[in-house]
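K.L.:
next comes the sequence, and after it the predicted model I'd like to discuss.
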Amino acid sequence: MLTAAYVLAGGLSSRFGSDKALFPVDGVPMALRVARSLASSGAPVSLVSRHARNLGLPELIEPDGPRHPLWGVAHALRQSHGLVLFAPCDLPSLSAELVTRLLAEGRPAHARAQPLVCVVDASHAALAAQAAERGTSVRAFMAATGSLGVDLGELPNLNQPPAGGGG
């Protein structure tokens, strides 16, 4: 059973040039757009970050240390139980429909094109921390968990601000 959902926003946004989580797309900060899609799961949604963003979501602040997307996953899994849903904050095209398609598997699964859009069992917290420590790819971590790859389409992430801003 899905018990929690997390928007991952712990990166530096160095290629982006400003805080991606707060960047507006159609007038809504990207992290909130992703949170709204995750909320369709029915699970409570929180933001995993290195610092407070004050977006009206519960926030789980990661400890300072090395940066790797799996550190945020490991930190959230340690606070959770059962199945946990994740998505990075820079996927403004992630929709409730795509989240529903991922959850329809009823088991740990990930988007083939964006493996951080995933459902992970909280029992894999130590494995996520070990993978982050070793610099293992997210894709390799998902394979180690036995996660099923699901085709949700391209799901492009926004690593640079669009020309003309975000609206």
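P.N.:
Everything's here; your move.
K.L.:
restricting to C-alpha, output the host helix or strand of residue 34 in PDB.
P.N.:
Assigned by DSSP states H and E, residue 34 belongs to helix 30-39. Output of helix 30-39 as PDB, limited to C-alpha atoms (Å, rounded to 0.1, in the frame of the first residue of the first chain):
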ATOM      1  CA  MET A  30       7.500  23.500 -10.500                       C
ATOM      2  CA  ALA A  31       7.700  21.600  -7.200                       C
ATOM      3  CA  LEU A  32       4.000  22.400  -6.500                       C
ATOM      4  CA  ARG A  33       3.000  21.200 -10.000                       C
ATOM      5  CA  VAL A  34       4.700  17.900  -9.400                       C
ATOM      6  CA  ALA A  35       3.200  17.700  -5.900                       C
ATOM      7  CA  ARG A  36      -0.300  18.200  -7.300                       C
ATOM      8  CA  SER A  37       0.300  15.300  -9.700                       C
ATOM      9  CA  LEU A  38       1.600  13.100  -6.800                       C
ATOM     10  CA  ALA A  39      -1.400  14.100  -4.700                       C
END
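K.L.:
so which elements touch it?
P.N.:
strand 2-9, strand 45-49, strand 83-88, helix 96-103 (3 or more C-beta pairs under 8 Å, 6 or more residues apart in numbering; DSSP states H and E). Using the backbone N, CA and C atoms, a C-beta is placed for each residue, glycine as well.
K.L.:
dead centre of the protein: give me the residue that sits there.
P.N.:
Central residue of the chain (C-alpha atoms, centre = their mean): residue 87, 2.3 Å from the mean position.
K.L.:
touching, that residue and residue 8? I think so.
P.N.:
Yes - contact criterion C-beta atoms under 8 Å: residue 87 and residue 8 qualify, at 6.9 Å.
K.L.:
residue 157 and residue 25, how far apart?
P.N.:
Per C-beta to C-beta, to the nearest Å, residue 157 is found 12 Å from residue 25.
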